[in-house]
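Asker: Pasted the sequence and its predicted model underneath.
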Amino acid sequence: MKRIIPGLMIASISLAILSCGSHEPEKKNTPASNKPIVQDSGRVIQFPADSLTLSYFHTAVVTKSDLNTALTAPARVVATIVPSREDLGQNIVLFDNADLTANYTEMLQHTINIREKASIIQQKKAIVSQKQIELSRFQDLVEHGAGTGKDVSTAKTDLISAQTDVAVAQTELANEKTAIIEHESKLKLAGFDPQAVLHAQPGKVWIICDMPENQVNKVKEGSTCTLQFTSYPNETFTGTIEDIGEVVDNITRMVKLRIGVRDGKKQLRAGMFASVKFDVSEGNTLSVPRSVLITVQGKNYVFVKGKAAHSFERREVLTGAQVADRVVIYTGLQEGDIVVTDGAMELKGISFGY
């Protein structure tokens, strides 16, 4: 009996040990990661299928539409035209700049000189023609024994003298034309057409408006605009774009526009300030809401819905003008692309590692 008890105890302990060894620890399910996968140096962002973050992003389809807007720019009255009491054929231009006034006066004098020189040349050429006829007549008389060599020699001298007079007059005319180029250049840099200034009609006022070079292609010569002057805040004037400058200012990057305004009531004076409004159309073009754009180091980007499920792709775009809350897109997007409108800043942080 004593031998049986220890045996039973040993068996019980063995069973207990076997029972403990056969019991496997309980396995725990590891939750799936909600972190997005960033690929291609941040260009592609892939989210898990069950990510709650996806519900935060809102999108819109890129389409084409007609965009119309109004550009405004500061301006000032730079010249008025009044009739001359002394010379009914030449009106007076009153500039707001004393240097331009002096420049215009000198150009006007050179213009008068050019007309006079041209008339003198015609007269001297007529004299040359007459001297050539006289020389031919004397030569003919000598050939028929009715004239002398002295007459021919004198006729030749007179002809050479007349030809010299023509050459001198032509040189003087060329000098006048050279001198006038400088004055014309100054007027052009100020936004004026020299010929328009010379033939200006009374009752007209000229306005100069500075427009950014990236906007100047949206206005055309001959189109109309509206103006409001500080001196007459309750009145609206209509003007016509007469000329678009040929030079871009190297510092301000502005182009000068000359606008003509009829001032029948003689209200406007040189030096007055105004605000000009141009109605322009961007045409049928791609555009996106302003909120989709992000800017990094001077470059503009948008995020579009990727080809893979639950993914977004970063694209660099070239933008144009902003019209209301929309921005024109020149390159980087196509019609039908789906862009992120809400959540673009969050994608920016993931894409660029901010």
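Answerer: On my side now, so go ahead. Please read these numbers as outputs of a predicted model, since none were measured by experiment.
Asker: Could you tell me the end-to-end distance of stretch 55-73?
Answerer: This stretch, stretch 55-73, spans 43 Å end to end (C-alpha to C-alpha, to the nearest Å).
Asker: Just the buried residues of that stretch, please?
Answerer: Phe57, Thr59, Val62, Leu67, Leu71, Ala73 (16 or more other C-beta atoms under 10 Å). Every C-beta, even on glycine, is put in place using the N, C-alpha and C of the backbone.
Asker: In helices only, show me the residues you listed.
Answerer: Per DSSP state H, helices hold no members of those.
Asker: with those in mind, which one is nearest to Asn300?
Answerer: Closest approach between those and Asn300, by C-beta to C-beta: Val62, at 14.5 Å.
Asker: Skip the chain neighbours and tell me the closest residue to the closest one.
Answerer: What sits nearest to Val62 in space, not counting adjacent residues and going by C-beta to C-beta, 6 or more residues apart in numbering, is Asp337, at 4.5 Å.
Asker: Same question for Leu54.
Answerer: Phe47 (5.6 Å).
Asker: Let me know the pLDDT of the one you found.
Answerer: pLDDT for Phe47: 89.
Asker: give the contact list for it.
Answerer: Neighbouring residues of Phe47 by C-beta atoms under 8 Å, 6 or more residues apart in numbering: Pro36, Ile37, Thr53, Leu54, His310, Ser311.
Asker: among those residues, which two are most distant?
Answerer: Top of the distance list for the contacts of Phe47 (C-beta to C-beta): Ile37 and Leu54, 13.5 Å.
Asker: The buried residues of stretch 55-73 in strands, which ones?
Answerer: Among the buried residues of stretch 55-73, the members falling in strands (DSSP state E) are Thr59, Leu67, Leu71, Ala73.
Asker: Could you report the neighbour count for Thr171?
Answerer: Neighbour count of Thr171, defined by other C-beta atoms under 10 Å: 11.
Asker: Are we agreed that it is in a helix?
Answerer: Yes: counting by DSSP: H, G, I helix; E, B strand; the rest coil, Thr171 is part of a helix.
Asker: what's the domain layout of the chain?
Answerer: 37-61+293-352, 71-76+196-281, 99-189 (automatic domain parsing).
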